[in-house]
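1. only the shape, not the letters, is given here:
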């Protein structure tokens, strides 16, 4: 027996020594403190009962009472006192709440037992069956604060010493099971190991509900029960529970357990509570470079074993030989025959070794006697559709429910398994309680579902903090619980009833039905049946064995929740109830089972479904009222043009195609609006079609943020659909504009859906939905958006200050900013137009803190010289820059007027996937586009500009070590690549040159879809969905003006298919992402240094610390692991603990976001597919009546996608905030330490390091503030627009000035006319 | 996009080092309390959205370091504040005396009609109390600001204080812009010389 049991270590006893004990007190001690696996625990307990003279057959809490009365020595007494508190809780009604209710639990994992304990306390007759004869899982679970508290109240301290330490936050499954087993036994739960549940049997022949078990002659087969609880984990065999599956990008994880010899050296190694790629790109990059191991995430816990779990990218696994052959099908890919165990072991060892400094890495053995390393797929997160069901036959009810992993698959990066499992156990117990009290089944089911909904949204911070008050009553655990959110009527289908269903509303005093016959007492106690030769089941959860095939209906995101401080438009996600189908306004029914509003739920990715699913298209065809309006009026648009341009006699506007061919219409429009920006108007002639169009398009883009959809050269024979779309966006834009140029610029400019008509509704809809799906300007396709923001905040290049002076600058800039806020926005054209807007923005932000504008560095921008310089036919926008093959719009991206496949967009150096938020481009000859790089490599290779003060100032790479120059290229002053380039991108990229005329003869049709896709991409890359103008688009604080170097999105290298959820979004990534400096990862180094310090030594002085760390690979590896857990051995350190918890919390939230991002990515791909299809149909149907239908569908899709964009923007904002908060936390810690040192050393002069850190801290805070301000500005602006529009509507209908006009252009009195920017007007009641 | 809040108010916490500004803020934003003293470095802020008279008010509450060495930095943040909490420690006479200085700071650096409130924190430590409630009240009346005694530890009055201050700010805003219920303001509406209505009401400790 002991030999087949997995290895345990330490003082835990695997022997049979206890058998010789005689004194109950000793046995008790053995039982509580020493026994550690099933045989010993059960054996010693039996022995105890024996020696105490307790009836072997005794069960239930009466057993507990017997123990209590008979074991009275002091050790036992303290335990009884503790447990008494639980036993005596009101909810259990002295164990009479469920008297007579018989419950069978299948599965004896932690959650199964947790439930069983509750059931026992309720007074149920409870049995638990478990297939395996012993505990076999080494893996380690993360514990939430409440779980720890919960376990303590169940006596954990007695059984597991570490509970006495303050900083525990994880536990091995085995240990957890042991603890719970002991408690269960003491409460008289009967557990049968080595017995397998086979199936449920209906009542009949004198029996009530029962089940078949193996071996078939086991007495359990004779028991009847009325409640069946499935706690089997992933491979639940309880029938009738469909699963919903959320598929995301391929996510593969490797777990490994190494023997913990418990040496001092081992104990000194820091744990890693989870390093996310987002926070620590450098670490993972280095790892990859050094070893070829490509991870997204890694966690290391030290417990019974050294436990590692890491998310690995598929390609890396293939490269290293862990997987033999690549298959598109995951099942095949991960099939045992496709794995090389040896390589897997090596992989795990290498990863573990690189990221920690564990002296020894010997594998622990799993239950099969093999190295405990495993690879599993968590691509899909599944979730049961319902938490409970009931069946009635023969007038007898059976309540079936799921708890634990069967209910919701845990997402290990978020550590939700144990916590949610416990919560679900308690929820289930609550239901059983109701059942035992005789409440109506339907009510119970409805309640259970409400709780389930709530459960899936649970996070540590939205649970009640009063852990000590947690009981099975859900109200003690879930704040703001609406337990009636699911109505009994909604769950009718969950109650399988022969007769008529009674749906009358619940009455408070329901007459209890006849209680089912009590559970027959099984004759056996629970000795382990050592002779049972059941092959232990697979540990690895590779296969999902849903009760139904994978293509189950809707998908919800179990983990999506509103973050605590809502940034933007996140509504609280509703739930997992698939049945509810509200399609609120504007939410197209493409995804059939979607619930209510944003955040949008990802579509189900049906793996191998052919695209041409009539179903999908048809669904899309059911438009919304708004989209109908959209279609309405080509006529209206045309009329509008006519009206606007009535003073331009030479124009003939008879249609929306040919009339626009020569470009004069658009030029005239521009001229009509603002003559100053088109000075050459008078010299334009109708014959210069190309010139005119080029001019018009570029001006429209530059000044009005209307992205080009069509090439000037194509205007000769334009694609009608495209042109129409373009013109309607022009229309939309201009409609929202003030007649006078000074009114500045493009308000929203957002022309969401194509061909949108101007119902106020539609406009609202569009505005709400997509803010500028189309108003993405190529200007921003450049790298990060910080640029925009930076430009916006300091439109004039400021001189650069040295870091030393920065502090004073802080003060200065505050004053400056104040002043700026009162200067009128310049109404220049060009960059000014954007500048205006952005100026506006800065003014609008009455941010409290200093604005520390950093000057734009002097780096050369890559002129967006088109393509012609390339000389190749690959000049059209639909030829991929990289591979020179045709690019369909769907997959197209563009940057700097260069177009390419999304997938081709890779770094020339490292071939990692780029995205619009994270790239840099070098210049080629004659300003032609050169090569593309990821930022880190760009810096590395082009550390050109020392005057690029932006970066010179402060990389954390330089790392607070003021003086020593960076040692490695990656640490050097980085030329401010893309950030800077964005600015000029506006003027440059937009001005077409004559070369473009050369373009190409080939007229490939760009599909509208493609164009939209393009827009979408660019849009999303700029994250903020709300802002119209290019720079304004991004809520990016001037991050790049700040010394703190933040990488753009946390998604650098990424092989497309393999991204794991934790990686984050690939190309869709809004460039806003701020990952707390990744390149340097120095903050993390610092932290780890500090941690070492905490273990007893003072941290080495900063100045050489960085260097030192830089040089050592190992150290770097370890050092850059940002989140080392403070060593468990440390004395209880309240602050540290709570800080760490907060940190972890942030980390986990970040993970969640990353996951959601990747889901969005997936969804986006689906859109592409569908859109392609629709478009095809649309074109085919052009001119027919079908056209409208497809157009409608198209628009739906568009607005759907726009919702995604918004969501992405919100998420990225959040991520950014996380990053910043993290950074702030880091800085504070470091500064505190410095402060301590200062006091110690009694120096009079402040540490220069301190000052520097302080500056940085202030900047970080500023950045956070910027984000808040940005959101506020956006909000205000939206209101503005609404107001303006209303006014316009009023105007149109001749109502004159409505009293409520709040025109954006109204001069503010308070600040002097025209002084205050529009944005300020929103807060103009406040003088600042 | 669904609006998640109607207004954004910026508040500021000032006071001597150690009086409990951060604890008050943490209590308000996270409903938590940590008895270990961790001095705030420089500046920080937290956000919490509350409901006032049917409107969602997002409160951005800036937390300043009390230490002298951060004074320059923190002073920079006075300007943008719409409401300021001056905090002293009822068990610390000096911190109470310094309120005058803090008020002067406000006059020098903050907006003219910023809403103010004085908080006497740590009112749970009755045995160590050295500043009576009456004295606090008096001081507040002197300066025509509201007054409350709070305890971040027990939570007493913390929420009330912030809600109160926010309400004052909202009222002021409403007064200036009647009929504006869109969260925007009417720019063309009469600019009344600010009537500061922040004068001390009763404290509700």
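-> Alright, I've got the coordinates. Predicted, not measured: the structure shown is a model, and the values here were computed from it. Numbering: from 1, shown residues only, chains lettered A, B, ... in the order given.

2. ok, and the closest non-adjacent residue to residue A:367?
-> residue A:136 (3.8 Å; Cβ to Cβ, 6 or more residues apart in numbering or on different chains). For every residue, glycine as well, the C-beta is placed using N, CA and C.

3. what about that neighbour, neighbour count?
-> Look at residue A:136: counted by other Cβ atoms under 10 Å in any protein chain shown, it has 21 neighbours.

4. and after whatever helix or strand residue A:257 lives in, which helix or strand comes next?
-> Secondary structure from DSSP states H and E places residue A:257 in strand A:252-259. Under the assignment DSSP H and E, the closest C-terminal helix or strand after strand A:252-259 is helix A:264-268.

5. before we move on, the earlier item: which neighbouring elements make contact with the strand holding residue A:257?
-> When contacts are defined as 3 or more Cβ pairs under 8 Å, 6 or more residues apart in numbering or on different chains; DSSP states H and E, strand A:252-259 sits against strand A:305-312, helix A:341-355, strand A:373-377.

6. before we move on, back to that, wait, the residue nearest to residue A:367 sits on residue A:366?
-> Yes. Residue A:136 is within contact range of residue A:366, at 7.2 Å (criterion: Cβ atoms under 8 Å).

7. list the contacts for residue 75?
-> You didn't say which chain, so I picked chain A. A:25, A:28, A:29, A:32 (Cβ atoms under 8 Å, 6 or more residues apart in numbering or on different chains).

8. you answered for a different chain; I wanted chain B.
-> Residue B:75 sits next to B:105, B:109 when contact means Cβ under 8 Å, 6+ apart.

9. if I look at it, how far off is residue B:106?
-> Residue B:75 is 10 Å from residue B:106, where distance means Cβ to Cβ, to the nearest Å.

10. now swap in residue A:17 and tell me
-> 74 Å.

11. likewise residue A:445?
-> Plainly put, residue A:445 is 59 Å away from residue B:106 if you go by Cβ to Cβ.

12. hang on, residue A:726 in a helix?
-> Yes. Under DSSP: H, G, I helix; E, B strand; the rest coil, residue A:726 sits within a helix.

13. so what's it closest to, chain neighbours aside?
-> Per Cβ to Cβ, 6+ apart, closest to residue A:726 is residue A:709, 4.3 Å.

14. I'd like to know how many residues surround the one you found.
-> There are 29 residues near residue A:709, going by other Cβ under 10 Å.

15. what do you get for residue A:1150?
-> 27.

16. name the next helix or strand downstream of the helix or strand harbouring it, please.
-> In this assignment (DSSP H and E), residue A:1150 forms part of helix A:1134-1180. As assigned by DSSP H and E, the chain's next helix or strand after helix A:1134-1180 is helix A:1186-1241.

17. how about that following helix and chain B, touching?
-> Yes. Helix A:1186-1241 lies within reach of chain B by Cβ under 8 Å from any Cβ of the partner chain, at A:1206, A:1224, A:1227, A:1228, A:1231, A:1232, A:1235.

18. distance-wise, check the third one relative to residue A:698.
-> Pointing back at residue A:1227 there. Distance, residue A:1227 to residue A:698, by Cβ to Cβ: 44 Å.

19. more neighbours: the two, which one.
-> Legend: neighbour count by other Cβ under 10 Å for residue A:1227 and residue A:698, higher for residue A:1227 (26 against 18).

20. quick check: the more buried one touching residue A:1255?
-> No. In this structure residue A:1227 lies outside contact range of residue A:1255 using Cβ under 8 Å: 9.8 Å.

21. just to revisit the earlier point, now the helices and strands packed on strand A:252-259 as JSON lines including mean neighbour count?
-> Formatted as JSON lines, these follow (neighbours: other Cβ atoms under 10 Å in any protein chain shown):
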{"stretch": "strand A:305-312", "mean neighbour count": "25"}
{"stretch": "helix A:341-355", "mean neighbour count": "19"}
{"stretch": "strand A:373-377", "mean neighbour count": "21"}
